[in-house]
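Q: okay, structure incoming, though there's no sequence with it:
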């Protein structure tokens, strides 16, 4: 028996970019719904306190609903909220951040600053990851699937990446259909398709049917090592970190999860010494090369895990004035005790996951750190993702 249709008014978005509505005491999550929409929905999966629903009809569209610029939007899994005006995207992300932090971190809303908008809403990404299916089609994953949506271009990728997409589509027949694979499920890198293309690609064991067989990572020629995908907004983030830490020439700083030096290198220009802790050997090597090219001799690179690196600093008796941490989405939980043991006077925590960020903010407060300010950044326009940075004082 088919489930009944329900009419609801969409109130806001969740962190996945789904519309949130309430009806008779239950919360409904609705993909493609926009805050302010009046819609008819049908439940797809009913849970105890909430339900996942599909959008049947838009009875009265929100003033913030717009026509997506991208022809692939409702199939491609790359963007979540391209059907919302940019002002509405910013408002929705601010609401998500405020609600998560008030609920789970117990912070005063007054310390959460207005989100810093991205200098570019389109063509901001300096790297993308494409896939190729058994038919030889090149594109992105479909929403919630490993099926490939063939594309001619990507509106959030930089223009030179779209030129690379054209090249790789023209040469896709040169990619071997059955390349040798690494043991297990790992990726195997292959040489560029041609000496002039500069396009790396990799193979992976495929699944059944039309599932992907290959992963292809395209990068802006100016991108080296790991860094944020939005360079202009990343510069705003780096400037914010420098401003809040206010590092002096006689101070010692640690950059934990340093990558290839996104924060390390700018801070080294200000500090007496910077300890950079990173487990990715390629990132460390690239960071060392950048430091050498810039004549920097006050960086100590530690090729190890964050936890082990913090333990080593403690064992050596290093006294830190400041620390910056930019961990993966899992957050700081596993290294929190190591941070607290070193007691840096100032701590900046950068995160791409509001949920783990809120958890860690609460834990740091319990350990005696005072949170001074939280700054959201719109690092990923047209998606529901948001970057966060916070300053703590011990």
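A: Okay, I see it. Please read all numbers here as calculations on a predicted model, not as lab measurements.
Q: tell me which stretches of the stretch 51-200 of the chain form helices.
A: Under the criterion DSSP state H, counting those that start in this stretch, the stretch 51-200 of the chain carries helices at the ranges 86-100, 159-170.
Q: and the ones you listed, which one is worst for confidence?
A: With a mean of 88, helix 159-170 has the lowest mean pLDDT of these.
Q: show me what contacts residue 327?
A: For residue 327, the contacting residues are 256, 257, 306, 335, 351, by C-beta atoms under 8 Å, 6 or more residues apart in numbering. (Each C-beta comes from the backbone N, C-alpha and C, glycine too.)
Q: need those in TSV (columns: neighbour count, secondary structure and distance to residue 384).
A: Output for these, formatted as TSV (neighbours: other C-beta atoms under 10 Å; DSSP: H, G, I helix; E, B strand; the rest coil; distance: C-beta to C-beta, whole Å):
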residue	neighbour count	secondary structure	distance to residue 384
256	28	strand	27
257	24	coil	23
306	22	helix	27
335	22	helix	27
351	23	strand	15
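Q: residue 77: which of the residues you listed is nearest?
A: residue 351 (22.4 Å; C-beta to C-beta).
Q: is the closest one bridged to anything, and to what?
A: Counting by DSSP bridges, residue 351 is bridged to residue 388.
Q: hang on, isn't it packed against residue 388?
A: Yes - with contact defined as C-beta atoms under 8 Å, residue 351 counts as touching residue 388 (4.9 Å).
Q: now for the helix or strand hosting residue 276, which elements pack on it?
A: According to DSSP states H and E, residue 276 maps onto strand 273-278. Applying 3 or more C-beta pairs under 8 Å, 6 or more residues apart in numbering; DSSP states H and E, we find strand 273-278 packed against strand 252-256, helix 264-268, helix 281-293, strand 299-303, helix 306-315.
Q: swap in 7 Å and give it another go.
A: strand 252-256, helix 264-268, strand 299-303, helix 306-315 (3 or more C-beta pairs under 7 Å, 6 or more residues apart in numbering; DSSP states H and E).
Q: sorry, back to before: so which of the helices of the stretch 51-200 of the chain is the most packed in?
A: helix 86-100 (a mean of 19; mean count of other C-beta atoms under 10 Å).
Q: give the other helices and strands that that one contacts.
A: Using 3+ C-beta pairs under 7 Å, 6+ apart, helix 86-100 sits against strand 5-13, helix 354-366, strand 370-377.
Q: on that earlier part again, closest to residue 103 among the contacts of residue 327?
A: Using C-beta to C-beta, residue 351 is the member of these that lies nearest residue 103, at 16.2 Å.
Q: what's the closest one in contact with, if anything?
A: 331, 357, 388 (C-beta atoms under 7 Å, 6 or more residues apart in numbering).
Q: quick one: low-confidence ranges for this structure?
A: Applying pLDDT under 70 to the chain flags the ranges 1-2, 172-214, 221-227.
Q: surely residue 229 and residue 127 touch.
A: Yes - under the criterion of C-beta atoms under 7 Å, residue 229 makes contact with residue 127 at 5.9 Å.
Q: more neighbours, the two?
A: The neighbour comparison of residue 229 against residue 127 (other C-beta atoms under 10 Å) goes to residue 229, with 19 against 15.
Q: give the burial count for the closest residue to residue 86 other than its chain neighbours, as a bare number.
A: Among residues not flanking residue 86 along the chain, residue 121 sits closest, at 5.5 Å (C-beta to C-beta, 6 or more residues apart in numbering). When neighbours are defined as other C-beta under 10 Å, residue 121 has 16 of them.
Q: surely residue 121 is in contact with residue 87?
A: No - at 10.8 Å, residue 121 does not count as touching residue 87 under the criterion of C-beta under 7 Å.
Q: quick one: residue 300 and residue 275 touch, right?
A: Yes - applying C-beta under 7 Å, one finds residue 300 in contact with residue 275, separated by 5.0 Å.
Q: and stretch 364-380, what's buried?
A: 364, 369, 371, 374, 375, 376, 377, 378, 379, 380 (16 or more other C-beta atoms under 10 Å).
Q: can you give me the end-to-end span of that stretch?
A: Start to finish, the residues bounding stretch 364-380 are 27 Å apart (C-alpha to C-alpha, to the nearest Å).
Q: returning to that earlier point: nearest to residue 249, out of the helices of the stretch 51-200 of the chain?
A: Of these, nearest to residue 249 by C-beta to C-beta is helix 86-100, at 34.7 Å.
Q: what does the closest one rub up against?
A: Residues outside helix 86-100 that contact it (C-beta under 7 Å, 6+ apart) are 12-13, 15, 35, 64, 81, 109, 112, 114-115, 117, 121, 354-355, 358, 376, 378, 381, 386, 388.
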